[in-house]
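1. mind looking at a prediction? Sequence and model below.
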Amino acid sequence: MALQLGRAISNGIRRSLSPVGIALMGLTALYVGIFTISVNTVVANQLPPAVRQQAQVGLALPLSSAFAGILALSALVFGMVIYIAAARAFTREGPDSGAIDGSLFTRRIGRTVVSAIGANIIVGISTSIGLVLLVLPGIFLMVSFAFVLFVIAVEDARVIESLRRSWGLARGNRLRLAALLLLIGVLTGLLSSLGSVVSIVNPAAGTVVSLLVTAPLAIVGYGIIADAYLQLRDADSDVGESEAAVEGL
């Protein structure tokens, strides 16, 4: 089955604008805000006092670098939980699919977070090497592993199985997936640049604007990828059932 891009975009936007999607936007803004401010604090603490007053590092807090670093790492883990919850929320079907449910954040969350972190490290390293050596291999790997977190969060798969499963789901639709990811990336980059423009005048205001733009865009993009995952997962299930029926004859 060919991935239907228009359907993925329209359904993804609809899913992301549900009650649970709006809640996830707020949580994403919180996580990104904590991480950004923590990193700014670490950077500001490394600057000499005379330079710190003139440097434009954005919002920072009067915290030690060690505490700010721990806060930044905690925010990243919190962010991973949010994206796991988003993957589960946006792949639910039925009239209550947009409802807020605590199980989205709690079901096997420890194992899921560990698997997600491990898979992201593998994907991040492999795609980075591919992009540095030759751009196309990096893009190919990025597209092939686009559904890794969805497989982990929804299907309770471990690291290696999630990589294999995502690779299989993407097979035959990599060009369409690449176009979808490119569209999401370009739109996100263009709109997020508003924060950079505002930062020239006021770094603190730029941080706030970036949060207000980035968080909704991230969740909308995730909703779009979720629908693409559902399309290809359901098509793969139909193929598997057809093959099993043929074998049974």
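-> That came through fine.
2. for the chain, what helix or strand is lowest in average pLDDT?
-> One helix or strand of the chain scores below all others by mean pLDDT, DSSP states H and E: helix 49-52, with a mean of 66.
3. quick check: next helix or strand after it?
-> The helix or strand immediately downstream of helix 49-52 is helix 65-89, counting by DSSP states H and E.
4. who touches that following helix?
-> For helix 65-89, contacts defined as Cβ atoms under 8 Å, 6 or more residues apart in numbering pick out 15, 18, 20-21, 24, 27-28, 31-32, 34-35, 38-39, 41-42, 45-46, 61, 63, 97-98, 101, 104-105, 107, 109, 112-113, 116-117, 120, 149-150, 152-154, 219, 222-223, 226. To be clear about C-beta, it is placed using only N, CA and C from the backbone, and glycine gets the same treatment.
5. could you turn the buried ones of these into a PyMOL selection?
-> Those of the contacts of helix 65-89 that count as buried under 16 or more other Cβ atoms under 10 Å are selected in PyMOL with:
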select buried, resi 15+18+20+21+24+27+28+31+32+34+35+38+39+41+42+45+63+98+104+109+112+113+116+120+149+150+152+153+154+219+222+223+226
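6. restricted to strands, list the contacts of helix 65-89.
-> Members of those lying in strands (criterion: DSSP state E): none.
7. among the contacts of helix 65-89, which ones are in helices?
-> Among those, the ones falling in helices (DSSP state H) are 15, 20-21, 24, 27-28, 31-32, 34-35, 38-39, 41-42, 45-46, 104-105, 109, 112-113, 116-117, 120, 149-150, 152-154, 219, 222-223, 226.
8. any low-confidence regions in the protein?
-> Applying pLDDT under 70 to the chain flags the ranges 50-57, 199, 203-204, 238-249.
9. so Thr28 touches Gly221, yeah?
-> No. Using Cβ atoms under 8 Å, Thr28 is not in contact with Gly221, being 10.9 Å away.
10. what about Leu186, neighbour count?
-> Residue 186: Val, not Leu. Residues within reach of Val186, counting by other Cβ atoms under 10 Å, total 10.
11. that one and Val132, how far apart?
-> 22 Å (Cβ to Cβ, to the nearest Å).
12. check Arg15 too.
-> For Arg15, the distance to Val132 equals 35 Å [Cβ to Cβ].
13. ok, now Ala116?
-> 24 Å.
14. ok, now Arg7?
-> Distance from Arg7 to Val132, by Cβ to Cβ: 35 Å.
15. and Arg165, by the same measure?
-> Distance, Arg165 to Val132, by Cβ to Cβ: 26 Å.
16. which of these two has more neighbours?
-> Between Arg165 and Val132, counted using other Cβ under 10 Å, Arg165 has the larger neighbour count: 19 against 10.
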